[in-house]
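Novice: got a sequence here, can you model it:
(chains A, B and C)
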Amino acid sequence: MTLIDLANPTRFLKLTERLLPWLAGLTALLLAIGLAQSALAPDDYQQGATVKIMFVHVPNAWLSMFVWGIMSLSALGTLVWRHPLADVAAKAAAPIGAAFTFLALVTGSLWGRPMWGTYWEWDARLTSMLILFLMYLGLIALWRAVEDPSRAARAAAIFTLVGAINLPIIKFSVDWWNTLHQPASVLRVGGPALDKSFLIPLLVMAIAFSLLFITLHLAAMRNEILRRRVRALQMLQAAEQQGQLRSGAL
Amino acid sequence: MTLGPYASFIVWSYAVCALVVAILIVWVALDYRKQQAKLRALDAAGVSRRSKRNAAEVS
Amino acid sequence: MTALLAMIRRDIKIALRVGGGALIGVLFFLAVVVLMPFAIGPDLALLQRLGPAVLWLGALLASLLTLDRLFMADHEDGSLDLIAMSRTPLEFACAAKALAHWLAAGLPLVVATPVLGLLLNLDGSASLAIAATLLVGTPALTFTGMIGAALAVTLHRGGLLMAVLVLPLSIPVLIFGVAAAGAAITGPVSFGTPFQILCALSLASMVIGPFAAAASLRQGLD
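Specialist: Okay, the predicted model is just below:
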C-alpha cells in the first residue's frame, strides 16, 4: 500500500473504516492511563497542584504546531503532486488544529491566573499561540470563502506554506519583543529539570492527544470525501434535470 | 489527591478540554451521518456515480 | 528587463492618474494620525511617547488598504492574464508590480511621516528616524501583502479576507519597526539591532512574496 494507492478515495475510505475503531479504542485507553497518571502525579514544590494543568496544556500546544506542520505537508502534496487526498487532509485538519490551539490558549491562561495573578499576560509563548490561533481562523475563513473545493485548496495551500515560513519568524520576533518589555518569563516549565514523575504522565498524555488528533483527522477526512461525493452527485443531478427540461422543451 | 487552593482552575482546564474534545467528536460523528443520509437520498433518487454506470474513472 | 521597467512605469502612471487611488493611502494615513489625539487626549507628552506606534500603525493600515488595488484592476480589464501568459517570468512580473505599487503608494507615506511627526510632538531627529524605519519597513508590508492580494484576486474575494490573512503575517515587521523607531527616541536597546532585523525582514519578504504571489496567480487564474 503506497501513497499512490491511497489516491483512490474508495480505497482510502475502506482503510479508514478498518482503522478507525482500533485508533479510537487505543486513544481512549491511553487517555485513561494518562488521566490516571496525571491525577496521581505529585505536586510541584513551587506550583503546587496547578502543575496538573501542564498535562493538558503542553499536549495541546504541541499539537497546535504539529497540525500546522501536517497541513504544510498536505499543502506541498496539493501544489507539487496534486494528490487529491492532500486537499482533503489539509481541509479536515484546519478546524481540529484551531480547536487544539484554542485549548492551549485557555489552559495556558487558566494556568497563568494562579501564577501571574491575571488571566492574560502578554507572555511570549501565549502571544505566539494567539497569533497562531488568528492564522488558523484566517485559514478557515479562506476555506469557507470559496465554494469550489479545488480552487480553495490551492489558495489555502499557498497561505499554509507562507504561514509555515512565517511562524518561526513570528515566534522569534515575539520572543524579542517580550524580552524588550519584560525581563523574564514567569512560566518556565519544560526545561531539562522536569522530574520523571511529571515527564511520564506528560508523555503519555502527549501520545494520547496525538492519537486523538489522528483519529479525528481520519474521521474528518472521511466526511470530507463523502461531502465531495455528495457535491459531485448533486451537480450531476442538477445537470441531468436541466438536460431533461431542455429535451422536454424541444 | 488534593488540588490545593487553585482547585477550580485545574478542574476548569480539564473540563474545557473535555468539552471541546467532545464537541469535536460529536461534530465529526454528526457530519458523517449527514453526509451518509445525503448519499442515500441521492442514491434513492436514482443519481449514481458515473464509475458505477460505465466503469469509467471519474473523481 | 525593459519589459519589467515598462511595467513599473505603466503601473506608476496608472496609480497616479485620476482614478488611480494611490494617494488616497496618504490621506488615510493623515486621517488616522489626526484621529489619535481625539482618542487618547491632546497630552503632548503622551502623544510623543506613542508617536512611533501611532505612525507605524497608520502606515501599516494605509498600505494594507491600498493593496487590493495591486492586482484587482489588472484582473478586471484582463491585462493580468496577458502578464501571466507573457514570456517574462511571473515571479519577476509580480516583483515589478509590487515595486511600482510601493513607489506609488508606500513612498508617499514615508515622505509624509516627518510632517505628521510634527502633529505628534516629535522632534526632527525622531521623525527622521521613524521615516527611516518606514522606508525600509514598508517594502516588507507591500511584498507580504502582495500574497494576500494575489489570493484575494484569484478567489474573487477582496477586502476583509485579505486583511485577516495578511495582518498576522505583518506582526514581525510591526514589532521591529516600532522597536527601531522607539530605540531611536528613548529606547533601552540600540537603534542598529532592530533596524537591521527590519531590513532582513524586508529582504526576505522580497524573495518570498513574489514567489508565493506568482504561485497563487498561476494556480488560481483560469
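Novice: can you report how many residues lie near residue C:14?
Specialist: Neighbour count for residue C:14, taken as other C-beta atoms under 10 Å in any protein chain shown: 18. For every residue, glycine as well, the C-beta is placed using N, CA and C.
Novice: could you point out the helix or strand that follows the host helix or strand of it?
Specialist: Using DSSP states H and E, residue C:14 sits in helix C:2-16. Per DSSP H and E, helix C:2-16 leads on to helix C:24-40 as the next helix or strand towards the C-terminus.
Novice: so how far is that following helix off the chain centroid?
Specialist: Put simply, helix C:24-40 sits 16 Å off its chain's centre (C-alpha atoms, centre = their mean, to the nearest Å).
Novice: got the angle for it vs helix C:2-16?
Specialist: If you take axes from the mean of the first three to the mean of the last three C-alpha atoms, to 10 degrees, helix C:24-40 sits at 50 degrees to helix C:2-16.
Novice: next, the buried residues of the helix holding residue C:14.
Specialist: The neighbour-count check on helix C:2-16 (16 or more other C-beta atoms under 10 Å in any protein chain shown) flags C:4, C:7, C:8, C:11, C:12, C:14, C:15 as buried.
Novice: any idea how far chain A is from the residue nearest to residue C:122 when sequence neighbours are not counted?
Specialist: Excluding its sequence neighbours, the residue lying closest to residue C:122 (C-beta to C-beta, 6 or more residues apart in numbering or on different chains) is residue C:51, at 4.7 Å. Residue C:51 is 17 Å from chain A, where distance means C-beta to the nearest C-beta, to the nearest Å.
Novice: from the chain's centre, how far out does the helix or strand encompassing residue C:51 sit?
Specialist: Using DSSP H and E, residue C:51 sits within helix C:44-66. The chain centroid and the centroid of helix C:44-66 are separated by 13 Å under C-alpha atoms, centre = their mean.
Novice: so what secondary structure elements neighbour it?
Specialist: Contacting helix C:44-66 under the criterion 3 or more C-beta pairs under 8 Å, 6 or more residues apart in numbering or on different chains; DSSP states H and E are the following elements: helix C:24-40, helix C:107-119, helix C:124-155, helix C:160-169, helix C:171-185.
Novice: which of those sits closest to residue A:172?
Specialist: Residue A:172 lies closest, by C-beta to C-beta, to one member of these: helix C:171-185, at 7.7 Å.
Novice: can you lay out the buried residues of helix C:2-16 as a markdown table showing pLDDT and distance to chain A?
Specialist: A markdown table is the format used below for the buried residues of helix C:2-16 (pLDDT from 0 to 100; distance: C-beta to the nearest C-beta, whole Å):
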| residue | pLDDT | distance to chain A |
| --- | --- | --- |
| C:4 | 86 | 23 |
| C:7 | 87 | 23 |
| C:8 | 89 | 24 |
| C:11 | 86 | 23 |
| C:12 | 87 | 27 |
| C:14 | 84 | 26 |
| C:15 | 83 | 25 |
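Novice: format those residues as CSV; extra columns: distance to residue A:129.
Specialist: Formatted as CSV, the buried residues of helix C:2-16 follow (distance: C-beta to C-beta, whole Å):
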residue, distance to residue A:129
C:4, 41
C:7, 41
C:8, 41
C:11, 39
C:12, 41
C:14, 42
C:15, 39
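Novice: show me what contacts the most centrally placed residue in chain A?
Specialist: By C-alpha atoms, centre = their mean, chain A has its centre lying nearest to residue A:97, at 2.1 Å. Residue A:97 makes contacts with A:63, A:64, A:67, A:68, A:71, A:136, as judged by C-beta atoms under 8 Å, 6 or more residues apart in numbering or on different chains.
Novice: from chain A, how far off is the residue of chain B positioned farthest from its centre?
Specialist: Relative to the mean C-alpha coordinate of chain B, counting by C-alpha atoms, centre = their mean, the farthest residue is residue B:5 (37.7 Å). Residue B:5 sits 7 Å away from chain A, taking C-beta to the nearest C-beta as the criterion.
Novice: quick check, that residue in a helix?
Specialist: Yes. Note on residue B:5: a helix contains this position according to DSSP: H, G, I helix; E, B strand; the rest coil.
Novice: picking that back up, now the helix holding residue C:51: average pLDDT?
Specialist: Mean pLDDT, computed over helix C:44-66, is 87.
Novice: how about it: buried residues?
Specialist: For helix C:44-66, by 16+ other C-beta under 10 Å, it's C:47-52, C:54-66.
Novice: pull the number of nearby residues for the closest residue to residue C:125 other than its chain neighbours.
Specialist: Distance criterion C-beta to C-beta, 6+ apart; nearest residue to residue C:125, sequence neighbours excluded, is residue C:184 at 7.5 Å. As a burial measure, residue C:184 scores 21 neighbours (other C-beta under 10 Å).
Novice: from residue C:157, how far off is residue C:184?
Specialist: According to C-beta to C-beta, to the nearest Å, residue C:184 stands 39 Å off from residue C:157.
Novice: just the angle between the helix holding residue C:14 and helix C:107-119, please?
Specialist: Helix C:2-16 runs at 40 degrees relative to helix C:107-119, counting by the same axes, to 10 degrees.
Novice: and the contacts of helix C:2-16?
Specialist: Residues from elsewhere that reach helix C:2-16 (C-beta under 8 Å, 6+ apart): C:20-23, C:69, C:73, C:83, C:86, C:88, C:92-93, C:96-97, C:99-101, C:103-105.
Novice: which of these are buried?
Specialist: Of the contacts of helix C:2-16, these count as buried by 16+ other C-beta under 10 Å: C:20-22, C:69, C:73, C:83, C:93, C:96-97, C:99-101, C:103-105.
Novice: restricted to helices, list those.
Specialist: C:69, C:73, C:83, C:93, C:96, C:97, C:99, C:100, C:101 (DSSP state H).
Novice: how about the fourth one, nearest residue that isn't a chain neighbour?
Specialist: What it means is residue C:93. Of all residues not flanking residue C:93 in the chain, residue C:83 sits nearest, at 5.1 Å (C-beta to C-beta, 6+ apart).
Novice: which strands and helices sit next to the host helix or strand of residue C:91?
Specialist: Residue C:91 belongs to helix C:90-101 when assigned by DSSP H and E. Counting contacts by 3+ C-beta pairs under 8 Å, 6+ apart, the secondary-structure elements packed against helix C:90-101 are helix C:2-16, helix C:69-76, helix C:79-85, helix C:124-155, helix C:192-220.
Novice: highest average neighbour count across these?
Specialist: Of all the helices and strands packed on helix C:90-101, helix C:124-155 has the most neighbours on average by mean count of other C-beta atoms under 10 Å in any protein chain shown, namely a mean of 25.
Novice: quick check: mean pLDDT across that helix?
Specialist: If you average the pLDDT over helix C:124-155, you get 89.
Novice: quick one, that helix and helix C:90-101 angle?
Specialist: Angle of helix C:124-155 versus helix C:90-101, following the same axes, to 10 degrees, is 140 degrees.
Novice: related to what we said a few turns ago, figure out how far the helix holding residue C:91 is from the centre of its chain.
Specialist: Centroid separation between helix C:90-101 and its chain, computed with C-alpha atoms, centre = their mean, is 14 Å.
Novice: and the contacts of it?
Specialist: With contact meaning C-beta under 8 Å, 6+ apart, helix C:90-101 is reached by C:4, C:7-12, C:15, C:22, C:66-67, C:69-71, C:74, C:83-84, C:86, C:142-143, C:146, C:150, C:206, C:209-211, C:213-214, C:217-218.
Novice: now do stretch C:104-111
Specialist: Residues from elsewhere that reach stretch C:104-111, judged by C-beta under 8 Å, 6+ apart: C:11-12, C:15-16, C:20, C:22-23, C:25-26, C:29, C:59, C:62-63, C:66, C:131, C:134-135, C:138-139, C:141-142.
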